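got a structure for you, letters missing:
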């Protein structure tokens, strides 16, 4: 299982997601450009000493990432129609999360194998990306362990 961040903007969110990946044994892909460098203090503070325990791979573009990734890419997006818990996850899936401010561009949205939404009550826009990643990875892991 992997998580991928598309052009992340907030170092602390990326650091928290790196820590999440370390705790769940997931890989982390980061599609550049990121709005921070990986030795950013906020990134390391949020990731704590878990940063060294996660396989972090950097990609220069979504096309380069997609070309080298063999599993499905499942985009978590507020515009998607399918609920995240209605998808059957596989161990080689990559859970993709867009920029905090604006998600992913249409060409990335269209290139993903699945597009899912974390359902919420009416009147709210979105969750923090690190919280979304935790919900997504938890559900995917639960399903995979349940079917194994």
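Received the coordinates, thanks. The structure displayed is predicted, hence computed values, not measured ones. Residues are numbered from 1 along each chain as shown.

going forward, measure contacts and count neighbours with C-alpha atoms only.
Noted.

Which strands or helices does the strand or helix carrying residue 20 pack on?
Taking DSSP states H and E as the criterion, residue 20 maps to helix 11-24. Applying 3 or more C-alpha pairs under 8 Å, 6 or more residues apart in numbering; DSSP states H and E, one finds that helix 11-24 contacts strand 2-6, strand 27-31, helix 41-47, helix 129-147.

Among those, single out whichever gets nearest to residue 73.
Taking C-alpha to C-alpha, strand 2-6 is the member of these nearest to residue 73, at 8.8 Å.

Show me the shaky parts of this protein.
35-48, 147-148 (pLDDT under 70).

what do you get if the cut-off is 50, keeping everything else the same?
Counting by pLDDT under 50, the ranges of the chain that qualify are 40.

angle of the helix holding residue 20 against helix 129-147?
Interaxial angle, helix 11-24 versus helix 129-147 (axes from the mean of the first three to the mean of the last three C-alpha atoms, to 10 degrees): 20 degrees.

Would you mind finding the most buried of the helices and strands packed on helix 11-24?
Neighbour counts (mean count of other C-alpha atoms under 10 Å) averaged over each of the helices and strands packed on helix 11-24 peak at strand 2-6, with a mean of 24.

ok, and what's touching that strand?
The contact list for strand 2-6 (C-alpha atoms under 8 Å, 6 or more residues apart in numbering) reads 14, 21, 26-32, 62, 92-99, 104, 133, 137.

correct me, but residue 75 touches residue 109?
Yes - counting by C-alpha atoms under 8 Å, residue 75 does reach residue 109; the two are 7.2 Å apart.

more neighbours, these two?
Between residue 75 and residue 109, residue 75 has the larger neighbour count (other C-alpha atoms under 10 Å), namely 26 against 20.
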